[in-house]
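Asks: Need a 3D model of the sequence below.
(2 chains)
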Amino acid sequence: MPKLIFEKHVPGSNAFSLPSSEISDQAFSEQIPDQTNFGRIPAQFLRQEAMNLPEVSEVEAVRHYTELSTRAYGVDSGFYPLGSCTMKYNPKINEWAARLPGFACLHPYQPADTVQGALQLYYEMQEMLAEIPGMDGFSLQPAAGAHGELAGVMIMKAYHQQRQDHKRTKIMVPDSAHGTNPASANVVGFEVIEVKSNPRGLVDLDDLRSKMTEEVAGLMLTNPNTLGLFEEEIQEIAAIVHDGGGLLYYDGANLNGIMGVARPGDMGFDVIHVNLHKTFGTPHGGGGPGAGPVGVKAKLLEFLPKPVAVKEGEQYRFNYDLPLSIGKVKNFYGNFGVIVKAYAYIKALGAEGLKEACQHAVLNANYLRHQLRDTYHIPLDRLCKHEFIINSKKQAENGITTLQIAKRLIDFGYHPPTVYFPLIVSEAMMIEPTETESKERLDDFIQTMRNIARESVENPELVKQAPQQAVIKRVDEVTAARKPVVKWEAGV
Amino acid sequence: MKYTPNPPQIVDEMLRTMGLTTLEELFSDIKPELQVKNSLNLPAGLGELELRRVLKNLAAKNLNTDDYPSFLGAGAYDHYFPAALEQLLLRSEFYTAYTPYQPEISQGILQAIFEYQTMICQLTGLDVANASLYDGGSALAEACNLACINSKGKKKVVISDTVHPEYLEILKAYSLSGRLEVVVVPGQDGVADTAGMLSAIDRETACAVIQQPNFYGLLEDAAPVEKAVHAQKGLFIMAVDPISLAILKSPAEWGADLAVGEGQPLGNSLSFGGPYLGFMAATKNLMRKIPGRIVGQTTDLDGQRAYVLTLQAREQHIRRELATSNICSNEALCALAASMYLTFVGGQGLKEIAKRCHQLAVYAEQEFQKVGLELKYKQPYFREFALKVSEPAAANRKLLANGIIGGYELEDALLLAFTEKRTKAEIDKLVAVLGGKI
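Replies: Prediction:
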């Protein structure tokens, strides 16, 4: 087990230094913390308490983080079929672009005429993002998918409030929805009503109709949904919500399944967020940074977070004069560095490339589904979009669970799919290959899944005790939660 | 350019395997009237070389802080990052990974977050830190939200208008939920009006907030507010600058229950405002209430030390609408950059950096005095202050004409920040231009 960086502490080993000071001033005591002032800082503001950061030499620090990286697994390491997360390849030119000093070394408050290139990129991104899902305007401010949801639901609230329609205190969310949907609605102060799925895995229209009252602000929907199925009756769903005075929210987490082929804006969606770190190829960073731009139809434009970039003649600037805006959900203008990468991605692919990416994502998902159906139970075995669900029903006869299959995949060098989600399918395993996997990779995965199915019968203990090949065995999560140790302490 | 590896003959083979002939058949569940006719109205794709030109041209249209000395701060700071940082952040096992939900295959990332949490606890003096939030402003809103939820019905958030104006705007947007009632107390002479804050704090107060240093770079005496809000059983929240904590009193020393802040100065490039990271730390009793991911230490089946995401009963993917926050993706890679930064500069290095920033600011103040310019507020500051200037926009234009990115424009002042990257020569030039000597 590698030592923690704190356990590599050697006093005096860190050789970081600043250029020698060009300023001499007797007012600066070299002894802080102490009881005297430091420069213009009175003693009462000075720190007394010790701050124990590690002192490590540069070479040891480099080796430390390099070793940590070898104990992690990214898309560049291998197949990462994590459902609803769209772990596609992250093009390297995009990383190069975001690090150009002309993007990376811009202060957010520089005058507009010193950042025209950044503003042009930002403006063009607003326009391109509006075209792809068929919306009328975008704000690039939210920092992640859930943050985009938050902004989107705030827009829904502001819209109803502006219309003096104060009784709409509830939001509907399907039982198959991502957990962020009900959580976002709650953070904005809405009560959450769950809409049932029908046996085909789609929104139950009768249930929806019965719940769409004048107390409901709208419906949050993912399409294709988390089962990977397209909501075929989306026009009826939109009509029910709109006739009831509600707004339709599109959770863009699964946009990769229809990108370039169909547009949420054409289906009746009023508000949408997109995940640049899923659909538009920017890396997930081990849990962020992402970006979750929020888009709207014309009637909601004035509620978008501010500022938005505008073009006047050949000049670009930020417009803050948006009196009905929900305000800000984030400092400055959003995760610009991520926006640069997604811009490069869209520019590289173009209209045809985006559509082809979607087609290949759907092809890969259906191919995997087709090839796995003999060995694994597929609860809703029909045409899917970018992802599909299998479960361990067949393997359960030998006492094997979905979690064990997932852990066994680690032994074979794969990152496991999403497991135990969506909640409406028991023992679910949600597989999303994305378009950037070759048939060879898929065939290897299929063979591995078949091998695990065979092991489940012939040698179930092997599967139950997985992983054996990882750097650690299964972990004790119960103790971690009951007796939390959430930081390193000397001597503990 | 495309990143799809399967050529047409393999696509055909895959389709045939499924008994299909065209890719279009894979979309038969979408009604024809809902499908895009022709194609999206976007330009054709570019090859990598063309794309590189487009991006380079756009980047070249911007004046960057690598080429021009900048005195802008106001919530984002131009600090130096050791070169090792950028290379390590390009280890693709870090940056192309997802959230470490599968501990056996993610120990490196989990350990890095655990180390980050420890460092944030060291800086703030508090007991527990999360794995990061989006940025300083949204972290403050999350902290106030937590305070209100935790107080079972109390809604009042008492905050000084000397807090960063964008933080206040974010807080206002979060208060759309109806769970927060934000009372903004006007500051006095650039700092929080203690008397005003105290009279606003009452039994209905869920929390009171002080930013240290505040938006104007000035130091706030947080002690009376801390006493007052604790007397009413509310939480005391501080928004702090992580670099300053090397020399300034920690949130724990001030008696804060929650500390949040903008982590950008720790190893994250300015990047036109993001991605940055928000950090959050709290006292032990709030451990099961704070939003976001938390990594805990445990053991594996062999008894080896191991790390895992823990206390997940707080989070949206488990609790859905009952979660303490909706946050899912955070800013993990930015947090990794922050902990790498702290490792590379070390505790002593961080102190040297903080001291140098202050020394340069004091030097600038002294030099400004020599040319008859003075500070707008006569208060203690850390690395930033407001300089009285009659026409800030004109002053900035003049600075720019002299190759300097100036300060943040206040009504009758320029807010100027001094990091360790600034040299005596740059400050001398700044003073000369603003003092009318150039």
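
Asks: Do stretch B:429-438 and chain A come into contact?
Replies: No: applying C-beta under 8 Å from any C-beta of the partner chain, one finds stretch B:429-438 separated from chain A by no less than 13.1 Å. Bear in mind the C-beta positions are built from the backbone N, C-alpha and C, glycine included.

Asks: and stretch B:56-76, how far apart are its ends?
Replies: Stretch B:56-76 has an end-to-end distance of 24 Å (C-alpha to C-alpha, to the nearest Å).

Asks: Is it positioned near chain A?
Replies: Yes: counting by C-beta under 8 Å from any C-beta, chain A is contacted by stretch B:56-76 at B:56-67, B:70, B:72, B:74-76.

Asks: Buried ones among these?
Replies: Among the residues of stretch B:56-76 next to chain A, those scoring as buried are B:58-59, B:61-65, B:70, B:72, B:74-76 (criterion: 16 or more other C-beta atoms under 10 Å in any protein chain shown).

Asks: Show me the residues of stretch B:56-76 next to chain A that map onto helices.
Replies: B:56-60 (DSSP state H).

Asks: Let's have those residues in CSV, adding pLDDT.
Replies: What follows is these, written out as CSV (pLDDT from 0 to 100):
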residue, pLDDT
B:Lys56, 98
B:Asn57, 98
B:Leu58, 98
B:Ala59, 98
B:Ala60, 98
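
Asks: Can you tell me which of these is nearest chain A?
Replies: B:Ala59 (2.7 Å; C-beta to the nearest C-beta).

Asks: Quick check: the gap between the spatially closest residue to that closest one that is not a sequence neighbour and A:Gln110.
Replies: Ranked by C-beta to C-beta, 6 or more residues apart in numbering or on different chains and with sequence neighbours excluded, the top spatial neighbour of B:Ala59 is A:Gly102, at 2.7 Å. Distance, A:Gly102 to A:Gln110, by C-beta to C-beta, to the nearest Å: 12 Å.

Asks: and for the two, which residues touch both?
Replies: B:Asn62 (C-beta atoms under 8 Å, 6 or more residues apart in numbering or on different chains).

Asks: residues in contact with the residue nearest in space to the middle of chain A?
Replies: Geometric centre of chain A, nearest residue: A:Gly145, 5.2 Å, by C-alpha atoms, centre = their mean. For A:Gly145, the contacting residues are A:180, A:251-253, A:273, A:275, A:277-278, A:290, A:292, B:328-329, by C-beta under 8 Å, 6+ apart.

Asks: Could you single out the nearest of those residues to B:Ser271?
Replies: Closest approach between the contacts of A:Gly145 and B:Ser271, by C-beta to C-beta: A:Gly290, at 14.4 Å.

Asks: Is the closest one in contact with A:Phe280, as I believe?
Replies: No: the pair A:Gly290 / A:Phe280 is not scored as a contact, 10.1 Å apart, by C-beta atoms under 8 Å.

Asks: Assign the closest residue in space to A:Thr222 that isn't next to it in sequence to one of the three secondary structure states.
Replies: Once flanking residues are discounted, A:Thr222 sits nearest to A:Asp251: 4.2 Å by C-beta to C-beta, 6+ apart. Here A:Asp251 is strand, with the state taken from DSSP: H, G, I helix; E, B strand; the rest coil.

Asks: State the phi and psi torsions of the residue nearest to B:Tyr381 when sequence neighbours are not counted.
Replies: Nearest residue to B:Tyr381, sequence neighbours excluded (C-beta to C-beta, 6+ apart): B:Gly217, at 4.6 Å. Main-chain torsions, B:Gly217, degrees, to the nearest 10: phi 80, psi 0.

Asks: For B:Gly217, which residues are in contact?
Replies: B:73, B:361, B:381-386, B:415, B:417.

Asks: The buried ones among the residues of stretch B:56-76 next to chain A into JSON lines, with extra columns for distance to A:Asn14?
Replies: Shown next, in JSON lines, are those (distance: C-beta to C-beta, whole Å):
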{"residue": "B:Leu58", "distance to A:Asn14": "38"}
{"residue": "B:Ala59", "distance to A:Asn14": "34"}
{"residue": "B:Lys61", "distance to A:Asn14": "39"}
{"residue": "B:Asn62", "distance to A:Asn14": "34"}
{"residue": "B:Leu63", "distance to A:Asn14": "34"}
{"residue": "B:Asn64", "distance to A:Asn14": "29"}
{"residue": "B:Thr65", "distance to A:Asn14": "26"}
{"residue": "B:Ser70", "distance to A:Asn14": "28"}
{"residue": "B:Leu72", "distance to A:Asn14": "29"}
{"residue": "B:Ala74", "distance to A:Asn14": "31"}
{"residue": "B:Gly75", "distance to A:Asn14": "29"}
{"residue": "B:Ala76", "distance to A:Asn14": "26"}
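
Asks: picking up where we left off before, in helices, which of the contacts of A:Gly145 appear?
Replies: Among those, the members falling in helices (DSSP H) are A:Thr180.

Asks: Please tell me how far the residue nearest to A:Thr222 sits from A:Met154.
Replies: For A:Asp251, the distance to A:Met154 - C-beta to C-beta - is 15 Å.

Asks: who has more neighbours, the two?
Replies: Under the neighbour definition other C-beta atoms under 10 Å in any protein chain shown, A:Asp251 and A:Met154 were set side by side, and A:Asp251 has more, 31 against 26.

Asks: Hmm, A:Asn225 and the more buried one touching each other?
Replies: No: applying C-beta under 8 Å, one finds A:Asp251 not in contact with A:Asn225, separated by 9.3 Å.

Asks: What segments of the stretch 151-300 of chain B are strands?
Replies: Assigned by DSSP state E, counting those that start in this stretch, the strands in the stretch 151-300 of chain B fall at B:156-160, B:181-185, B:205-212, B:235-240, B:258-262, B:278-282, B:294-299.

Asks: Who are the packing partners of the fourth one?
Replies: Strand B:235-240 sits against helix B:136-150, strand B:205-212, helix B:223-231, helix B:251-254, strand B:258-262, with contacts defined as 3 or more C-beta pairs under 8 Å, 6 or more residues apart in numbering or on different chains; DSSP states H and E.

Asks: mind running it again at 6 Å?
Replies: helix B:136-150, strand B:205-212, strand B:258-262 (3 or more C-beta pairs under 6 Å, 6 or more residues apart in numbering or on different chains; DSSP states H and E).

Asks: For that strand, buried residues please.
Replies: Buried residues in strand B:235-240 (16+ other C-beta under 10 Å): B:235-240.

Asks: That one - which strands sit beside it in the sheet, and in what orientation?
Replies: Strand B:235-240 has the following strand partners under DSSP bridges: strand B:205-212 (parallel), strand B:258-262 (parallel).

Asks: Not counting its own residues, what contacts that strand?
Replies: Residues from elsewhere that reach strand B:235-240 (C-beta atoms under 6 Å, 6 or more residues apart in numbering or on different chains): B:140, B:143, B:147, B:207-212, B:226, B:229, B:251, B:256-261.

Asks: Hmm, A:Ala453 is touching A:Thr375, no?
Replies: Yes: contact criterion C-beta atoms under 6 Å: A:Ala453 and A:Thr375 qualify, at 4.2 Å.

Asks: Specify which residue of the two has the higher count of neighbours.
Replies: A:Ala453 (21 against 17).

Asks: tell me the contacts of that one?
Replies: A:Thr375 are the contacts of A:Ala453 under C-beta under 6 Å, 6+ apart.

Asks: 8 Å - rerun?
Replies: Here A:Ala453 is in contact with A:375-376, A:394-395 (C-beta under 8 Å, 6+ apart).
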